[in-house]
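K.L.:
Build the 3D model from these lines:
(one chain, ligands or ions: 1)
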Amino acid sequence: MAELKILHMYPSMLDLYGDSGNVEILRYRCRMRGIDTTVVKHELGDRDTDLSGVDIIYLGGGADYEQQLLADDLLGMTDKIKAAYKDGVYFLMICGGYQLMGQYYKDSNGKKIPGLGLFDYHTTASTNKRERCIGNIVIETQLGDKRYKVIGFENHGGQTTNVKTPFGRVLAGNGNEFGSSSEGYSEENVTATYLHGPLLSKNPRLADKIIAYCMTRKTGKEYVPAPINDKLETECRKVLLERLLKKK
Ligand code: GLN
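P.N.:
Here you go, the predicted structure:
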């Protein structure tokens, strides 16, 4: 039986707004297609986390405090993570995790937390702690040959700039900066976004895109996930999109 291996980094620290649910959704949607999944966890202080055979690396969101606590530990993983990225492993990162894979995150006290430097973008928070991008957000992204509206919830002080290839175009909400037109960062094997939700429960086609990428990479044959019953998800999305995109 086919199997995908997910590396869940800092699950007990980076789990804002149910972000760990993204791993559950990936596992559920794999299970519905007869794909087994194993989850390897990397927590602060783990020294021997084995990345061999990993298909997906996942980081959720976390507040400045958690980001500061784990920054050194993450830097200690630089070589392994860069090798996985070069190898084509899929990276899914939410908010705090997104910020930490860039050059740096400068928090609202002006303290600079070094990022792993996998990508060129960097993030600076307003020194006014009340200035945060908070609320529901809808963006539009390209998934294969189709446009797809991605729904989520953002809550970040960090303003991310120098983003060369954003994840999507903002239809409602803020995105990478206050009032920004772009949101997140993306590459063929990377989705980095400010969208909590959990992201994949509200946007099942994004989960399937990740599964398709990983299975195709693993088997060397184009993998198209079989449709599953998404009636409830489709209904929820319809209601949310109507509400969030309603013209004021
Ligand atoms: N600490 C970061 C910020 O406020 C990330 C917060 C988050 O992950 N929601 O910008």
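K.L.:
interface residues of this structure facing the ligand?
P.N.:
When proximity is defined by CB under 6 Å from any ligand atom, the chain lies next to the ligand at 16, 61-64, 67, 95-96, 99, 125, 155-158. Yep, even glycine has a C-beta here, placed from its N, CA and C like the rest.
K.L.:
Report the two of those separated the most.
P.N.:
Distance extremes for the residues of the chain next to the ligand: the farthest pair is 16 and 125 at 15.4 Å, using CB to CB.
K.L.:
May I have stretch 98-116 exported as PDB, CA atoms only?
P.N.:
Output of stretch 98-116 as PDB, limited to C-alpha atoms (Å, rounded to 0.1, in the frame of the first residue of the first chain):
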ATOM      1  CA  TYR A  98       5.800  30.700   7.600                       C
ATOM      2  CA  GLN A  99       7.700  33.600   9.100                       C
ATOM      3  CA  LEU A 100      10.400  31.300  10.600                       C
ATOM      4  CA  MET A 101      11.400  29.800   7.200                       C
ATOM      5  CA  GLY A 102      12.300  33.300   5.900                       C
ATOM      6  CA  GLN A 103      15.300  35.500   6.600                       C
ATOM      7  CA  TYR A 104      14.100  36.800  10.000                       C
ATOM      8  CA  TYR A 105      11.200  37.900  12.100                       C
ATOM      9  CA  LYS A 106      11.500  41.200  14.000                       C
ATOM     10  CA  ASP A 107       8.900  41.200  16.700                       C
ATOM     11  CA  SER A 108       7.000  44.200  18.200                       C
ATOM     12  CA  ASN A 109       9.700  44.800  20.700                       C
ATOM     13  CA  GLY A 110      12.200  45.200  17.900                       C
ATOM     14  CA  LYS A 111      13.900  41.800  18.700                       C
ATOM     15  CA  LYS A 112      15.100  40.000  15.700                       C
ATOM     16  CA  ILE A 113      14.500  36.300  15.600                       C
ATOM     17  CA  PRO A 114      16.600  34.700  12.900                       C
ATOM     18  CA  GLY A 115      14.800  32.600  10.300                       C
ATOM     19  CA  LEU A 116      16.100  29.400   8.700                       C
END
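K.L.:
Quick one: mean pLDDT over that stretch.
P.N.:
The average pLDDT for stretch 98-116 rounds to 96.
K.L.:
what's in contact with that stretch?
P.N.:
Contact with stretch 98-116 is made by 59, 61, 64, 67-68, 70-71, 74-75, 77-78, 81, 91, 93, 117-129, 157-158, 160, 162, 184-185, 192-194, as judged by CB atoms under 8 Å, 6 or more residues apart in numbering.
K.L.:
if you set the cut-off to 6 Å instead, what comes out?
P.N.:
Residues external to stretch 98-116 that are found in contact with it (CB atoms under 6 Å, 6 or more residues apart in numbering): 64, 67-68, 71, 74, 78, 93, 117-119, 121-125, 127, 129, 157-158, 192.
K.L.:
before we move on, what about stretch 209-221?
P.N.:
4, 55, 88, 90, 143, 222, 223, 225.
K.L.:
Can you select the buried ones among the residues you listed for me in ChimeraX?
P.N.:
Only the buried entries of the contacts of stretch 209-221 go into this ChimeraX selection, using 16 or more other CB atoms under 10 Å:
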select :4,55,90,223,225
